Each structure stands twice: as structure tokens, then as C-alpha cells.
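*Asks:* I'd like to go over a predicted model; first the sequence, then the structure.
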Amino acid sequence: MPGDIGPALVEGPVEVVLPDGTAVTSDRPVVALCLCRRSHRYPFCDTSHRRRSLPPTDRRAGAGGE
């Protein structure tokens with residue numbers, strides 16, 4: 001996966017199975033999957049990473065405990 005906080009773009013349609021076993025689907029031709037877990041529509045990206053991003057040095061320092 002990319003090192004950025006932004007989403008992973010995948011070709012759709014997709015079905016994502018969450019850790020609790022719930023399956024969510026999207027029929028869109030391109031789907032943005034959230035990598036930062038800040039999205040209110042998780043696992044789909046809602047661009048929350050843009051509003052609440054940490055500076056790159058702070059992001060790397062906290063990455064080990066997440």
C-alpha cells in the first residue's frame with residue numbers, strides 16, 4: 001500500500017468484508033478505500049484525511065502503535 005494517508009483506488013465493483021464479518025459493496029467503476037480509518041463511511045473514503053491530516057513527521061512517529 002502507498003505510504004500516503006489518502007485512499008487506495010481500486011477498480012469496482014467491489015465487496016469488502018469487515019473484521020466483524022459484515023460485507024459492504026460498491027457498484028462504482030472506481031472505489032476509494034479508506035486507509036486512515038477516519039472516514040465516517042468506512043471502509044469507503046469520504047476525504048476526512050484531507051481535513052485532519054497530521055504533518056508527515058508526526059504521522060510516522062505515531063504509526064507503530066496504531
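*Replies:* Received the coordinates, thanks.

*Asks:* for the protein, which spans come out with low pLDDT?
*Replies:* For the chain, the stretches flagged by pLDDT under 70 are 1-5, 52-66.

*Asks:* repeat that for 90
*Replies:* 1-6, 35-39, 47-66 (pLDDT under 90).

*Asks:* show me where it has its helices.
*Replies:* 48-51, 56-62 (DSSP state H).

*Asks:* do a quick rundown of the strands in the protein.
*Replies:* Taking DSSP state E, the strands of the chain run over residues 8-11, 14-17, 23-26, 30-33.

*Asks:* what strands line up against the second one, and which way round?
*Replies:* Applying DSSP bridges, strand 14-17 is found paired with strand 23-26 (antiparallel).

*Asks:* what's in contact with the partner strand?
*Replies:* With contacts defined as Cβ atoms under 8 Å, 6 or more residues apart in numbering, strand 23-26 is touched by 12-18, 43-44. Placement of C-beta: from N, CA and C, glycine included.
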